[in-house]
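Enquirer: Any chance you can model this:
(one chain, ligands or ions: 1)
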Amino acid sequence: MKKHNFYAGPSILPEFTKGKTAEAVTNFAGTGLSVMEVSHRSKEFVAVMSEAQALIKELLQVPDGYSVLFLQGGASTQFLMVPYNLMGKKSAYLNTGSWASKAIKEAKLFGDVVEVASSKDANFNYIPKDYVVPADADYFHITSNNTIYGTELLSDPDVGIPLVADMSSDILSRPIDVAKYNLIYAGAQKNLGPSGATVVIVKDEALGKVDRPIPTMLNYKTHIDKESMFNTPATLPIFACLQTLRWLKENGGVEAMEKTNIEKAALLYNELDRNKLFVPTVTDPNDRSRMNVTFVMAPEYTELEKDFLDFATAKGMVGIKGHRSVGGFRASIYNAMPAESVKALVEAMQDFEKNK
Ligand SMILES: *Cc1c(COP(=O)(O)O)cnc(C)c1O
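Expert: Modelled structure (predicted):
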């Protein structure tokens, strides 16, 4: 039976990425060796790294004066590297969920952190709107897509100071205005590749302004100077990321992704708004994530939750159980998710409703 992969991360990848990576596991770039057993300094791997960095710049129209890095340690390491490198005395954060809260916790180790607003009062089911960002903060940190709660900031906010964003779960899903950011980071395992690689896009000018000593491995300058090869990079994951980037370019880039992502999300949200058995957890349509669609059973049908999970599982749906902090269901519909799988889930919801 066809499996429809709705896991939140690690998550679905294009067939193209999996096929090319499988080939390279046995014969990488005609070397007769595996991509796993070739030096990161070989000309073949250096070419992979350069092309991956160049494609990120091209696809996101990254202006001059920015560097693209492939690091390790996941988005969670960026929670501390960002303030270590970019925060003098003060920074500002928008608290839109548990990833944002974790980023705030780390930043507090380095100085004065202003939490400008939080949606914790409603279990993070909306994006706070009316807040004031202190003009003397070094940056304003946002989590553009809240993977667990199903909310997304669909435009780059104008707040008068540079932005920093955790885009782990929506990078490359739509165009962004990189010029507004001092730094963007994303763990690869949601929209790009397997876990093990982290993409960082950093404005060179924003670095070198803090007084504290920074350990070599945690200093962005180290990785810029050594072209992401100061230590051994995650070669296999980066190879896979490159395949996804090629696939993205071949399929029309981020503008085309945005268009299909809007259509896929609409299929699901329209059904959630129509079907009497289910309710979406994010009520304001402007805040609804196009990447992670979270929903629960309607109050009068809560006892059917397990039945629906079993019903959908029998129809090939995988990974739709909601995160424990929200409950219910979550359908992660990243770039690589075909519309057919979203339709299959919608049909399962309709069939389940008819049988009740
Ligand atoms: C998954 C996720 C993280 C955690 O990433 P790691 O690579 O596991 O550290 C952080 N932020 C967001 C928004 C995520 O979706």
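Enquirer: Roughly how far does the one residue in the stretch 251-356 of the chain that gets nearest to the ligand sit from N286?
Expert: Residue of the stretch 251-356 of the chain nearest the ligand, by Cβ to the nearest ligand atom: N292 (8.4 Å). Glycine gets a C-beta too; all of them are placed from N, C-alpha and C. Going from N292 to N286 by Cβ to Cβ, to the nearest Å gives 16 Å.
Enquirer: ok, the two, which is more surrounded?
Expert: N292 (31 against 13; other Cβ atoms under 10 Å).
Enquirer: Show me the helices in this protein, by range?
Expert: Ranges of helices within the chain are 15-26, 43-59, 74-86, 98-107, 220-225, 235-250, 253-274, 305-314, 339-354, based on DSSP state H.
Enquirer: Present these as JSON lines; the columns should include mean pLDDT, mean neighbour count and distance to the ligand.
Expert: Below are those laid out as JSON lines (pLDDT from 0 to 100; neighbours: other Cβ atoms under 10 Å; distance: least, Cβ to the nearest ligand atom, whole Å):
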{"stretch": "helix 15-26", "mean pLDDT": "98", "mean neighbour count": "16", "distance to the ligand": "18"}
{"stretch": "helix 43-59", "mean pLDDT": "98", "mean neighbour count": "17", "distance to the ligand": "17"}
{"stretch": "helix 74-86", "mean pLDDT": "98", "mean neighbour count": "22", "distance to the ligand": "3"}
{"stretch": "helix 98-107", "mean pLDDT": "98", "mean neighbour count": "20", "distance to the ligand": "4"}
{"stretch": "helix 220-225", "mean pLDDT": "98", "mean neighbour count": "18", "distance to the ligand": "17"}
{"stretch": "helix 235-250", "mean pLDDT": "98", "mean neighbour count": "22", "distance to the ligand": "11"}
{"stretch": "helix 253-274", "mean pLDDT": "98", "mean neighbour count": "17", "distance to the ligand": "16"}
{"stretch": "helix 305-314", "mean pLDDT": "98", "mean neighbour count": "15", "distance to the ligand": "22"}
{"stretch": "helix 339-354", "mean pLDDT": "98", "mean neighbour count": "16", "distance to the ligand": "20"}
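Enquirer: I320 is nearest to which of these?
Expert: Among the helices of the chain, the nearest to I320 by Cβ to Cβ is helix 305-314 (6.0 Å).
Enquirer: neighbouring contacts of the closest one?
Expert: The contact list for helix 305-314 (Cβ atoms under 8 Å, 6 or more residues apart in numbering) reads 277, 296-297, 320-321, 328-329, 345, 348-349, 351-352.
Enquirer: One more: stretch 255-266?
Expert: By Cβ under 8 Å, 6+ apart, the surrounding residues in contact with stretch 255-266 are 172-175, 248, 251, 288-291, 293, 333, 335, 337, 339, 342.
Enquirer: Just name the closest of those to I184, please.
Expert: L172 (10.7 Å).
Enquirer: Who are the contact partners of the closest one?
Expert: By Cβ under 8 Å, 6+ apart, the neighbours of L172 are 59-60, 191-192, 245, 248, 254, 257, 335.
Enquirer: Do a quick rundown of the strands in the stretch 101-250 of the chain.
Expert: 112-118, 140-143, 145-146, 151-152, 163-166, 181-187, 198-203 (DSSP state E, counting those that start in this stretch).
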